[in-house]
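Novice: quick one: sequence plus predicted model below, questions after.
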Amino acid sequence: MDLEALLQPADLLSARHVLAVAPHPDDIEVGIGGTIALLAERGVVVEYLTLTDGGAGSADPQVAGAGLAAVRKRELQTSGAILGVSGFHWLDLADTGLAQVSDLAKRIATVIRQVRPDLLLSMDPWLPYEVHPDHRAAGLATADAFALAGFPEYSPEDASRGLAPHACPVIAFYGTSRPNTKVAIDAYIERKIAAILAHQSQFSGSEAEFMKSITQFQGATSKEADTRVTVPSEPLHFAELLKVMHRRLTHYNTQAEWM
Ligand SMILES: [Zn+2]
């Protein structure tokens, strides 16, 4: 790759195999459900890795817990099927507890070495004012795993399971305040909303109506964002935003925030 090509945001649409990592069931659909549907429709293999079991996703103590976790697993499979997701991986860690999991990056690296994606989707751990520790921890650990899964000396016990190192060439951060890529999702907004509302334990009744409204509002707001790249065409109504980066730009790059 020459320098000029390297300095352009990596091309999201050249991906063939995507691994999308989320702290909770529903985070990917809410953030980039339209992008997932677009990629899958283009023939990209899309797999999910969900880090927690989602068991804390209720304020009602009668609902939260193992029973809710089982419900949310089914909801995510239904939601993913709407978008064209073909594989589901789970770490089943305790919801709200990711920041206490010391080997989280190694566990994610193991899945990267199994799936061997050419595009890794991660929550952006550097989103200012993000208060949920699972979101911050998930993003940081995914970035760590992206950085290190290609090194044989990192988590070498994977080799005994027959897993070779894998240096994924591109990472894209969703839930980002520093996007460089705008994805037109006009053709996918209805599917995105359906995928979000498939999480019935999270969004029902007035909350479902609210999610529909805010998804449309955020899509319209994102359409106005100033990004370096727009794919696959200029959006008419709705967009999603990503920070897409070549591996070589993700380490010791003092300009990374603005690239
Ligand atoms: Zn979440």
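Specialist: Nice, thanks for sending it over.

Novice: quick check: closest non-adjacent residue to the residue of the chain found nearest the ion.
Specialist: Of all residues in the chain, residue 24 sits closest to the ion, at 3.6 Å by CB to the ion. Yep, even glycine has a C-beta here, placed from its N, CA and C like the rest. Leaving aside its chain neighbours, residue 24 sits nearest to residue 54 (5.2 Å; criterion: CB to CB, 6 or more residues apart in numbering).

Novice: so that neighbour sits against residue 95, correct?
Specialist: Yes: counting by CB atoms under 8 Å, residue 95 is a contact partner of residue 54 at 5.5 Å.

Novice: quick one: residue 211 from residue 239, how far?
Specialist: Noted for residue 211: a distance of 18 Å to residue 239, by CB to CB, to the nearest Å.

Novice: neighbour count winner among the two?
Specialist: residue 239 (28 against 20; other CB atoms under 10 Å).

Novice: what segments of the stretch 51-200 of the chain are strands?
Specialist: 87-93, 119-123, 170-174, 181-184 (DSSP state E, counting those that start in this stretch).

Novice: put together CSV for the ones you listed, with mean neighbour count, mean pLDDT and distance to residue 49 on each row.
Specialist: Shown next, in CSV, are these (neighbours: other CB atoms under 10 Å; pLDDT from 0 to 100; distance: least, CB to CB, whole Å):
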stretch, mean neighbour count, mean pLDDT, distance to residue 49
strand 87-93, 16, 98, 4
strand 119-123, 27, 98, 9
strand 170-174, 25, 98, 14
strand 181-184, 24, 98, 21
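
Novice: and the residue of the chain closest to the ion, how many neighbours does it have?
Specialist: Neighbour count of residue 24, defined by other CB under 10 Å: 27.

Novice: equivalent analysis for the one 10 residues further on, please.
Specialist: By other CB under 10 Å, 29 other residues sit near residue 34.

Novice: average model confidence for the helix or strand harbouring it?
Specialist: Element membership of residue 34, judged by DSSP states H and E, is helix 27-41. The average of the pLDDT scores along helix 27-41 is 98.

Novice: before we move on, the earlier item: may I see the strands of the stretch 51-200 of the chain arranged in CSV, with distance to residue 158 as well?
Specialist: Compiled in CSV, these are given as follows (distance: least, CB to CB, whole Å):
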stretch, distance to residue 158
strand 87-93, 15
strand 119-123, 16
strand 170-174, 20
strand 181-184, 31
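
Novice: show me which residues of this protein sit near the ion.
Specialist: Residues of the chain lying close to the ion by CB under 5 Å from the ion are 23-24, 27.

Novice: ok, now with 8 Å
Specialist: 22-24, 26-27, 30, 123, 132, 134-135, 138 (CB under 8 Å from the ion).

Novice: among these, which one sits closest to residue 12?
Specialist: Nearest to residue 12 among the residues of the chain next to the ion: residue 123, at 16.3 Å, using CB to CB.

Novice: show me the contacts for residue 22.
Specialist: 28, 48-51, 123, 138 (CB atoms under 8 Å, 6 or more residues apart in numbering).

Novice: which residues touch the closest residue to residue 75 other than its chain neighbours?
Specialist: Spatial nearest neighbour of residue 75, excluding adjacent residues (CB to CB, 6+ apart): residue 199 at 4.8 Å. By CB under 8 Å, 6+ apart, the contact list for residue 199 reads 25-26, 29, 72, 75-76, 79.

Novice: just the ones of the residues you listed in helices?
Specialist: Judged by DSSP state H, helices contain the following of the contacts of residue 199: 29, 72, 75-76, 79.

Novice: that older thread, pull out the buried residues from the residues of the chain next to the ion.
Specialist: Taking 16 or more other CB atoms under 10 Å as the criterion, what is buried in the residues of the chain next to the ion is 22-24, 26-27, 30, 123, 134-135, 138.

Novice: coming back round to it: what sits up against the helix holding residue 34?
Specialist: 12-13, 15, 18, 20, 22, 46, 48, 79, 82-86, 121, 123, 135, 174-175, 183, 185, 187-189, 191-192, 195-196, 198-199, 211, 215, 219, 232, 238, 240, 242.

Novice: and the contacts of stretch 2-10?
Specialist: 169-170, 172, 180-181, 228-229, 244-246, 248-249, 259.
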